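Q: heads up, no residue letters with this:
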């Protein structure tokens, strides 16, 4: 009889333990759900506070602004002079018969002509490759001059807006055999390019150029390969194997370039890799890619920059 009671108690304890575990798991789940809900509520509240703060800042900025309305529009690019006309229209909040408005762009002061009782307008010939800094509007009256930054107007390096997108990745392994003075390069050149719509230029021709100590070793036209892999209406992506061997000795420097020419004669050049033979080994410079843009006569328009 005692054994039966003992077994019953043990069974009851097991049931209670299972029930307790289930209850504990349920409580843990509820706690985690509450934590998640709390975190979500805090995140939403922070977002709402940030939005309110941003709206207040925008409202205060608009109230303090001298400008009632501002707009600008690009015209057709002149690829011979490397310029694009940009028409700027400004409506000041306060306009009198004596009001005069001008735009300071770099070192140039461009007067805006009055085109209505309240609006002023000017068309600027903006160099595609110039870095102008921040444009500033001047509002002149007979007794005072007020200025305000034209924050919406960005006119520096407009070639990025109108010339094709072009960059190239180069993945390679190098081996130098000192005994035979042979440099082996084994890798891939991955071309990425996309055209710009609305009158922008498109890329027409692609080349791979290898130089040794500044002298051209090879100049290969790879246009059909680049355009033939993965090509869309306005974009291309292609991967070209690069497996070459060159005679090389101590102190030699090899440079590998990807070059693209667009329909208006601009040449876009990227230095993919610079390889030096030093202490009996081939050393890659790495991170040397910089896009240089030339006109059809070979003059540098955009000098590029290192990564």
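A: Structure received. Computed from a predicted model, the values in this text were never measured in an experiment. Residues are numbered from 1 along each chain as shown.

Q: From start to finish, how long is stretch 150-158 in a straight line?
A: 16 Å (Cα to Cα, to the nearest Å).

Q: So for that stretch, mean pLDDT?
A: For stretch 150-158, mean pLDDT is 89.

Q: Next, the buried residues of that stretch.
A: 150, 153, 155, 156, 158 (16 or more other Cβ atoms under 10 Å). (C-beta placed from N, C-alpha, C; glycine too.)

Q: pretty sure the fourth one is in a helix, no?
A: If I follow you right, that is residue 156. No. Counting by DSSP: H, G, I helix; E, B strand; the rest coil, residue 156 is not part of a helix but coil.

Q: what's it in contact with, if anything?
A: 130, 131, 132, 133 (Cβ atoms under 8 Å, 6 or more residues apart in numbering).

Q: residues in contact with the last one?
A: Taking Cβ under 8 Å, 6+ apart as the contact definition, residue 133 lies against 106, 156.

Q: Please tell me the pLDDT value assigned to it.
A: For residue 133, pLDDT reads 83.

Q: tell me which of the buried residues of stretch 150-158 is nearest to residue 94?
A: For the buried residues of stretch 150-158, the residue nearest residue 94 by Cβ to Cβ is residue 150; the value is 17.4 Å.

Q: is it true that that closest one touches residue 70?
A: Yes. Between residue 150 and residue 70 there is a contact under Cβ atoms under 8 Å: 7.0 Å.

Q: still on that earlier bit, drop anything exposed from the contacts of residue 156.
A: The buried subset of the contacts of residue 156 (16+ other Cβ under 10 Å) comprises 130, 132.

Q: which helices and strands does the stretch of helix or strand residue 72 belongs to pack with?
A: Taking DSSP states H and E as the definition, residue 72 sits inside strand 67-74. Under the contact criterion of 3 or more Cβ pairs under 8 Å, 6 or more residues apart in numbering; DSSP states H and E, strand 67-74 touches strand 83-92.

Q: Which SSE is immediately downstream of the strand it packs on?
A: Following strand 83-92 in sequence, per DSSP H and E, is strand 100-105.

Q: where do the strands sit along the stretch 1-150 of the chain?
A: 67-74, 83-92, 100-105, 108-114, 120-127, 136-140, 145-149 (DSSP state E, counting those that start in this stretch).

Q: quick one: the longest one to chain centroid distance?
A: On the basis of Cα atoms, centre = their mean, to the nearest Å, the separation between the geometric centre of strand 83-92 and that of its chain is 25 Å.

Q: which of the residues in it are buried?
A: Quick answer for strand 83-92 (16+ other Cβ under 10 Å): 83, 84, 86, 88, 89, 90, 91, 92.

Q: can you list those in a markdown table and add distance to residue 195?
A: Shown next, in a markdown table, are those (distance: Cβ to Cβ, whole Å):
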| residue | distance to residue 195 |
| --- | --- |
| 83 | 20 |
| 84 | 17 |
| 86 | 22 |
| 88 | 27 |
| 89 | 29 |
| 90 | 33 |
| 91 | 35 |
| 92 | 39 |
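
Q: now, the most widely separated pair of those?
A: 83 and 92 (27.7 Å).

Q: Who are the contact partners of residue 256?
A: Taking Cβ under 8 Å, 6+ apart, we find residue 256 in contact with 170, 185, 208, 209, 210, 242, 271, 272, 273, 274, 275.
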